[in-house]
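Asks: pasted the sequence and its predicted model underneath.
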Amino acid sequence: MRAKIQNAASEPVRSEELAGLDFFRDLADRYLSIEGLEARWVPIQREDLRPGKPDALRLHHLLSLTRAVEETLDSAFRSGHVPGTAFFSRGNEAAGVGSASCLREEEWLVPMHRNCGAHLAKGHPPVSIMAHFFGRAGGPSEGRDGNFHMGYRPKKITQLISHIGTMVPIAAGIAWAAKLQRNGQAVLTYIGDGGTSSGDFHEAMNFAAVRKFPLAVVIDNNQYAYKTPLSDQYACPALALRASGYGVPGFLIDGTDVLLVREVVSRALERARRGGGPTLIESVTMRLGGHSVYDRFTDYVDMEKFKLWQEKRDPIKRFDQYLIEYEVLTPEEIAASHARARREAEEARDTALKLPFPDPAKVAEGVFAE
Ligand SMILES: Cc1ncc(C[n+]2csc(CCOP(=O)(O)OP(=O)(O)O)c2C)c(N)n1
């Protein structure tokens, strides 16, 4: 499966062509591969990415569960069960699931705030996610933090630091440790389009590239950083092109195609494990909602573009359609998978809501290493 899309060669892309890049149109059936100073288009052979049935069922379950968990949390927020605020990843489910499902059990995942799919794919149980959102005992932070500011140590998922950009140096540090220990492990992390404007992102990318740390960095480009559109965020045609400046391979892909994400990220992680150093992958999606539950995004988002992505690039609808078109699953099997995901999310919610709140007397425990 891997070699077929890897070897498709084309002429280097001219910079004029990149200047007019339209993500919706230009990534529909190809992706951009950046090696050295050259970028080339590679056509996507979707038949070659076709999963076997057990694999398709597992991936479909994770995708559907991601949406179901977040929709359940969204309605729990509206019913008053979630203190503070909540961020969701609608539109980014395939990027999270497709990438994190390439990690091995013993490898570290360093997620950001829109990576619910990555948490679930790495094995974070929905009930633990719910308990965290509801501020309950038994959640990963024991009520000390909220929404996706969480990790899950049993599955090697790091805790999230709220300050944008700071997780990339942490991922680079873990990758450095893996290199020193020669344990053959790779590390996967994420950064938003807004986050790539931070100094931390640049410092970590450069250091990881210079020292060839085993790291894959996925830029979750969902086209807005809170209210800031891409035109106010960066002046290059695509963030993936920065890979040339760091001296690492880069990819610009449609992040709503779970099979493509998985293919490209698995190649980056394999390369990292072999000692080839980091890869920068820009995964383009559309944030199919507000920045947080409080955000009136319809006031500032280009709603025509939004509706186009919602209609044609919803990662879950896309995978449903693919599986039917390529005769991997039947419509009945797909409906059963969605029903199972909804049931699991609702059961996790009901269980988490029965958990007690943490004992206030213990608030100072577990804050410092003892
Ligand atoms: C250093 C810093 N500045 C501001 C914030 C507040 N903040 C949280 S998320 C966010 C938007 C980040 O945009 P992006 O990196 O594109 O990620 P997205 O939310 O779109 O997934 C902002 C400004 C923060 N957490 N850290």
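Replies: Cool, the structure landed.
Asks: quick one, phi/psi of the residue in the stretch 151-300 of the chain that the ligand sits nearest to?
Replies: The ligand sits closest to Gly192 of the stretch 151-300 of the chain, with a gap of 2.2 Å, by C-beta to the nearest ligand atom. All C-beta spots, glycine's among them, are computed from the backbone N, C-alpha and C. The phi/psi pair for Gly192 (degrees, to the nearest 10) reads phi -80, psi 170.
Asks: check what pLDDT the nearest residue to it once chain neighbours are set aside gets.
Replies: With sequence-adjacent residues excluded and distances taken as C-beta to C-beta, 6 or more residues apart in numbering, Gly192 is closest to Asp220, at 5.5 Å. At Asp220, the model reports a pLDDT of 98.
Asks: the helix or strand where Asp220 lies pairs with which strands?
Replies: Secondary-structure element containing Asp220, defined by DSSP states H and E: strand 215-221. Within its sheet, strand 215-221 is paired with strand 187-192 (parallel), strand 279-284 (parallel), according to DSSP bridges.
Asks: for those, which one sits closest to Glu370?
Replies: Closest approach to Glu370 among the strands paired with strand 215-221 is made by strand 187-192 (27.1 Å; C-beta to C-beta).
Asks: immediately after the helix or strand hosting Ile129, which helix or strand?
Replies: Using DSSP H and E, Ile129 sits within helix 126-133. Later in the chain than helix 126-133, the nearest helix or strand by DSSP H and E is helix 167-181.
Asks: return the set of buried residues in that following helix.
Replies: Buried residues in helix 167-181, counted by 16 or more other C-beta atoms under 10 Å: Met167, Val168, Pro169, Ile170, Ala171, Ala172, Gly173, Ile174, Ala175, Trp176, Ala178, Lys179.
Asks: can you tell me which two in those are farthest apart?
Replies: Using C-beta to C-beta, the pair of the buried residues of helix 167-181 lying farthest apart is Met167 and Lys179, separated by 18.5 Å.
Asks: if I pick Pro358, what's in contact with it?
Replies: When contacts are counted by C-beta atoms under 8 Å, 6 or more residues apart in numbering, Pro358 touches Gly135, Arg136, Ala137, Glu142, Gly143.
Asks: try Pro125
Replies: Per C-beta under 8 Å, 6+ apart, neighbours of Pro125: Ala348.
Asks: point out where the protein drops to low pLDDT.
Replies: In the prediction, the chain carries residues with pLDDT under 70 at positions 1-9.
Asks: show me where it has strands.
Replies: Counting by DSSP state E, the chain has strands at residues 30-35, 38-43, 109-110, 187-192, 215-221, 224-225, 228-229, 250-254, 279-284.
Asks: out of the ones you listed, the one nearest Asn92 is which?
Replies: Among the strands of the chain, if distance is taken as C-beta to C-beta, the winner is strand 215-221, at 5.9 Å.
Asks: between that closest one and strand 250-254, how many degrees?
Replies: Calculated by axes from the mean of the first three to the mean of the last three C-alpha atoms, to 10 degrees, strand 215-221 forms an angle of 40 degrees with strand 250-254.
Asks: was I right about Glu11 contacting Arg40?
Replies: Yes - using C-beta atoms under 8 Å, Glu11 is in contact with Arg40, at 7.2 Å.
Asks: those two: who's more crowded?
Replies: Applying other C-beta atoms under 10 Å to Glu11 and Arg40 shows that Arg40 carries more neighbours, namely 16 against 8.
Asks: burial measure for Arg271, as a count.
Replies: Neighbours of Arg271 under the rule other C-beta under 10 Å: 18.
Asks: Ile164 now?
Replies: 19.
Asks: what do you get for Lys212?
Replies: 16.
Asks: what of His163?
Replies: Residues within reach of His163, counting by other C-beta under 10 Å, total 10.
Asks: next, count neighbours for the residue of the stretch 151-300 of the chain closest to the ligand.
Replies: Residues near Gly192, counting by other C-beta under 10 Å, number 24.
Asks: what of Ser101?
Replies: With neighbours defined by other C-beta under 10 Å, the count for Ser101 comes to 21.
Asks: not counting residues beside it along the chain, what's closest to it?
Replies: Leaving out its chain neighbours, Ser101 is closest to Ala121 (C-beta to C-beta, 6+ apart), at 4.3 Å.
Asks: how near is the one you found to Thr66?
Replies: To Thr66, Ala121 is 8 Å away according to C-beta to C-beta, to the nearest Å.
Asks: okay, and the common contacts of the two?
Replies: Gly96, Val97.
Asks: more neighbours, the two?
Replies: Using other C-beta under 10 Å as the criterion, Ala121 and Thr66 rank with Thr66 on top: 30 against 27.
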